[in-house]
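[1] Give the three-dimensional model of this entry:
(chains A and B, ligands or ions: 2)
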Amino acid sequence: MKVVVCVKQIPDPALPGELDPTTNLLKRDGKLILDESDSYGVEMALQLVEAAGGGEVSLVSMAPNNEMSGLRTALAMGADDAILVSDENLAGTDALGTAKVLAAAIGRLSPDLILAGVESSDGYTGTVPEMIAGVLDLPSVTFAKQISIDGDTVKAQRQTEAGYDDIECKLPVLLSVTAGVVEPRYPSFKGIMAAKKKPVEALDLQALGIESNTVGVVGARQETIRVTEAEERESGEIIEDDGDAHQRIAEFLGELKVV
Amino acid sequence: MSLNTIMVFAEGDESGPTTLTLELIRAARGVAANVEAFVLDDGSSMAESLGDHGVSKIHAMGGAEGKLVGAHAAALMADLVVSNLPDAVFFGQTPDGRDTAARLSVRLDQPVITNNVGVTVEDGVLVLEEPVFGGTQNIFTAFRNDGASLALFRPKSFEAESIGGAIAEVSVLEGADPGNSGTAIVTGRVIEERSGPQLDSAAVVVSGGRGLGQPEAYELVDELAGLLNAASGASRAIVDAGWVPYSKQVGQTGKVVKPSLYFACGISGATQHLVGMKGSKVIIAINKDPEAPIFSVADLGIVGDVHKVMPALIETLKAT
Ligand SMILES: Cc1cc2nc3c(=O)[nH]c(=O)nc-3n(C[C@H](O)[C@H](O)[C@H](O)COP(=O)(O)OP(=O)(O)OC[C@H]3O[C@@H](n4cnc5c(N)ncnc54)[C@H](O)[C@@H]3O)c2cc1C
Ligand SMILES: Nc1ncnc2c1ncn2[C@@H]1O[C@H](COP(=O)(O)O)[C@@H](O)[C@H]1O
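    Ligands and ions are numbered 1, 2, ... in the order given. Okay, here's the model as predicted:
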């Protein structure tokens, strides 16, 4: 079985995010890491291949400056190889442009299964996976919280507002997985060493046969026209509990007429 | 200056449209002269309520039983959007809303702008407002496309408003098979049990997070919620850990709540949690870390241990 996992490499979310004052795009220079949202897809792929008795897990990522440290993390977890798409014309690409690029890369691999995260930590459009399925004319199951494969059929639970739906679909199919669906493994020392030698194919737009005016800022056909500071919520009274904070809360609830 | 026509992707069931759908109609009415809606049944169940909120016409797409909505609805919508040329199509930020917008975006080759909380028309084009960095800044983005603009809106960004409009005219959309993209089928539907006040409409919400320490401690949240006639909610950390179902999750990927009182117990206040509850009228937080970001939005913050403060509060409330 051949599984492709889309993995986004993002600026460390622990650091404060920043907009570039001239372009109003999120700054993405500097070291990028594996988006935690995609570590679940990687783990799920590894488990499904194991359960199927063998196969291959390939990664696909689009990132600036041939950045691959996040890919190395996923390779260290156990993925076999990766395609990295990097091109200066990709700056400012929106969700649809990203999906066109990733779909072109995935198309080269003819996988049985494509996995992605429900939403990325920095862009959180939650639309890229379904758009990839659209470009490739494939069925999809978004918000998958459990996945199993039985012959050429995928069974999955799709999270809904009220509970979940049971879904069945023939391969090939794309699924986006929710956070927490599996417990991502930590790369072992052996895995980290092995990852350094695993193949990463670097491609640009020309290699993928994509016209540069269909992606990037031009392809996105939208413009950030201003950025404003939101009104700050004032913080109120902060007290240390010395044994009777519950009384202050009860009093406060009384003032609010909640009790 | 306003736009001509905006079409709204309406969601709901036999009992009528969702509140979010009515909010979208309000948003569309604010910027366009004519509002129409796509509905996933024969249209009869919503003709009255959508009309009342200002929809002139319903495009009925038939039921989607056994199918996944996104691929199916987008195939039907694409042809109509191409022939009728609305200025925009609005969607709610729900799983089916996102799927449908994404599929339609590919079919029409049109951009989608997500996570919006506001909309205006400036110089004849749609401008959308999206909060970023945990709601500390707002980005305003203008469409620069030719053709229908696609936009997704977060819940509770607009007030639904009934304007006493006439029953909407219903026209049936036919044809358009989604082909291979529509071959995933729904074989079963599981509704997780829900009782008491609903999270997205309750006047009081009590939420718990990882600071509760263990799944059993969520009982403290349930008990306090019971005493305050509140709905119980959760941070994603404890939903991911399997302590409580996803339907309780508050935040960016969960529910947006705007109760008169939000009570956060053992929740750090990550930006993705804050965007789901910052609009609450009053916020009370209990956290043992005085530096926890939740305190920056709290009206009453208790630096303390949930295992001490909550049981004592429960006893006090029971006694009164
Ligand atoms: C794309 C994306 C989407 C996300 N969507 C959501 C979302 O919708 N909703 C959401 O909630 N999160 C969401 N998150 C996750 C979010 O970033 C946080 O990880 C999460 O909210 C943390 O949950 P928590 O506050 O319960 O846990 P933690 O951050 O671990 O905080 C636990 C808190 O409990 C306190 N504590 C510990 N022990 C005690 C005690 N005995 N008494 C009192 N306090 C104690 C600690 O001081 C700490 O502040 C999302 C993340 C991403 C990347
Ligand atoms: N640049 C990218 N490279 C690889 N995968 C991506 C990229 N952008 C988005 N994805 C995938 O799409 C998912 C959802 O992203 P988003 O639509 O941005 O919320 C992510 O979790 C990834 O799996």
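[2] For B:Met1, give me the pLDDT.
    pLDDT, B:Met1: 67.
[3] same check, this time on the one 5 residues further on
    On pLDDT, B:Ile6 comes in at 98.
[4] need the contact list for B:Phe158.
    B:Glu23, B:Leu24, B:Arg26, B:Ala27, B:Gly30 (CB atoms under 8 Å, 6 or more residues apart in numbering or on different chains). Where you see a C-beta, it was placed from the backbone N, CA and C, and this is true even at glycine.
[5] Report the mean confidence score over stretch A:13-24.
    Stretch A:13-24 shows a mean pLDDT of 79.
[6] buried sites along it?
    By neighbour count on 16 or more other CB atoms under 10 Å in any protein chain shown, the buried set for stretch A:13-24 is A:Gly17, A:Leu19, A:Asn24.
[7] ok now the lengthiest helix in chain B, how far from the chain's centre?
    Of all the elements of type helix in chain B, the one with the most residues (DSSP state H) is helix B:69-84. With CA atoms, centre = their mean, to the nearest Å as the basis, helix B:69-84 stands 22 Å off its chain's centre.
[8] Out of the contacts of B:Phe158, name the ones that lie in helices.
    Within those, residues falling in helices by DSSP H are B:Glu23, B:Leu24, B:Arg26, B:Ala27, B:Gly30.
[9] one step back: could you save the contacts of B:Phe158 as JSON lines and add columns showing pLDDT?
    Converted to JSON lines, the contacts of B:Phe158 look like this (pLDDT from 0 to 100):
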{"residue": "B:Glu23", "pLDDT": "98"}
{"residue": "B:Leu24", "pLDDT": "98"}
{"residue": "B:Arg26", "pLDDT": "98"}
{"residue": "B:Ala27", "pLDDT": "98"}
{"residue": "B:Gly30", "pLDDT": "97"}
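[10] quick one: which of these has the most company?
    Among the contacts of B:Phe158, B:Leu24 has the most neighbours (other CB atoms under 10 Å in any protein chain shown), with 32 neighbours.
[11] Contacts only, for that residue.
    Contact analysis of B:Leu24 by CB under 8 Å, 6+ apart lists B:Val8, B:Phe9, B:Ala10, B:Phe90, B:Phe91, B:Gly92, B:Phe153, B:Phe158.
[12] By neighbours, which of those wins?
    B:Val8 (32 neighbours).
[13] did I read that right, it in a helix?
    No. Counting by DSSP: H, G, I helix; E, B strand; the rest coil, B:Val8 is not part of a helix but strand.
[14] That one contacts B:Arg26, correct?
    No. B:Val8 lies out of contact with B:Arg26 (CB atoms under 8 Å); the separation is 9.9 Å.
[15] Could you grab the helix/strand/coil label for A:Leu96?
    On the basis of three-state DSSP, A:Leu96 is classed as helix.
[16] List the residues that contact the closest residue in space to it that isn't next to it in sequence.
    Nearest residue to A:Leu96 in three dimensions, chain neighbours excluded: B:Ser105, at 5.3 Å (CB to CB, 6 or more residues apart in numbering or on different chains). Applying CB under 8 Å, 6+ apart to B:Ser105 gives the contacts A:Ala95, A:Leu96, A:Thr127, A:Met131, A:Gly134, B:Pro111, B:Val112, B:Leu150.
[17] What segments of the stretch 201-320 of chain B are helices?
    B:218-227, B:236-240, B:271-274, B:306-319 (DSSP state H, counting those that start in this stretch).
[18] Mind checking the pLDDT average for the longest one?
    This predicted structure assigns helix B:306-319 an average pLDDT of 97.
[19] What residue spans form the domains of chain B?
    Here the domain assignment for chain B is B:3-183, B:204-319, based on automatic domain parsing.
[20] check whether the last one contacts ligand 2.
    No. If you take CB under 6 Å from any ligand atom as the test, domain B:204-319 misses ligand 2, and the best it gets is 10.0 Å.
[21] can you check the longest one too?
    No. Using CB under 6 Å from any ligand atom, domain B:3-183 stays clear of ligand 2, with a minimum separation of 8.0 Å.
[22] Is ligand 1 within reach of that domain?
    No. Counting by CB under 6 Å from any ligand atom, ligand 1 is not contacted by domain B:3-183; separation bottoms out at 9.6 Å.
[23] I'd like the distance from that domain to the chain centre, please.
    That offset, for domain B:3-183, works out to 13 Å (CA atoms, centre = their mean).
[24] End to end on that domain, go ahead and measure it.
    Distance across domain B:3-183, first residue to last, is 37 Å (CA to CA, to the nearest Å).
[25] which secondary structure elements does the helix ranked longest in chain A contact?
    With secondary structure taken from DSSP H, chain A has its longest helix at helix A:36-51. Packing partners of helix A:36-51 (3 or more CB pairs under 8 Å, 6 or more residues apart in numbering or on different chains; DSSP states H and E): strand A:2-6, strand A:56-62, helix A:69-77, strand A:113-117, strand A:140-150, strand A:173-177.
[26] B:Ala74 is nearest to which of these?
    B:Ala74 lies closest, by CB to CB, to one member of the helices and strands packed on helix A:36-51: strand A:140-150, at 11.5 Å.
[27] Quick one: work out the angle between that closest one and strand A:173-177.
    100 degrees (axes from the mean of the first three to the mean of the last three CA atoms, to 10 degrees).
[28] buried residues in the helix or strand immediately after strand A:140-150 in the chain?
    Using DSSP states H and E, the helix or strand that follows strand A:140-150 in sequence is strand A:153-159. Residues of strand A:153-159 classed as buried by neighbour count (16+ other CB under 10 Å): A:Val154, A:Ala156, A:Gln157, A:Arg158, A:Gln159.
[29] For burial, what's the neighbour tally of residue 197?
    Picking chain A for this. 7.
[30] my bad, the chain I had in mind was chain B
    Close neighbours of B:Pro197, defined as other CB under 10 Å, add up to 18.
[31] worst-scoring helix or strand of chain B, pLDDT-wise?
    Least confident helix or strand, chain B: strand B:12-13 with a mean of 90, by mean pLDDT, DSSP states H and E.
[32] Could you list the paired strands of it along with their orientation?
    Strand pairing for strand B:12-13, determined by DSSP bridges: strand B:16-17 (antiparallel).
[33] Phi first, then psi, for B:Arg194.
    Main-chain dihedrals, B:Arg194, degrees, to the nearest 10: phi -140, psi 130.
[34] which residue packs closest to it, ignoring adjacent ones?
    B:Ser247 is the one closest to B:Arg194 (CB to CB, 6+ apart), at 6.7 Å.
[35] dump the residue contacts of that neighbour.
    A:Glu161, A:Ala162, A:Gly163, B:Glu192, B:Arg194, B:Leu199.
[36] In those residues, which residue is surrounded by the most others?
    For the contacts of B:Ser247, the largest number of neighbours (other CB under 10 Å) sits with B:Leu199, at 23 neighbours.
[37] right, and it touches B:Lys255 too?
    Yes. Contact criterion CB under 8 Å: B:Leu199 and B:Lys255 qualify, at 5.3 Å.
[38] Find the residues that touch each one of the two.
    Common neighbours of B:Leu199 and B:Lys255, using CB under 8 Å, 6+ apart, are B:Gly233.
[39] Now do the SS call for B:Gly164.
    Applying three-state DSSP: B:Gly164 is coil.
[40] and the residue nearest to it when sequence neighbours are not counted, what is it in contact with?
    Excluding the flanking residues, the one nearest B:Gly164 by CB to CB, 6+ apart is B:Asp52, at 6.3 Å. Counting by CB under 8 Å, 6+ apart, B:Asp52 makes contact with B:Ser162, B:Ile163, B:Gly164, B:Gly165.
[41] what about B:Asp52, distance to ligand 1?
    Going from B:Asp52 to ligand 1 by CB to the nearest ligand atom, to the nearest Å gives 32 Å.
[42] swap in B:Ser157?
    16 Å.
[43] ok, that residue - contacts?
    With CB under 8 Å, 6+ apart, B:Ser157 has these contacts: B:Glu23, B:Ala27, B:Asn116, B:Val117, B:Gly118.
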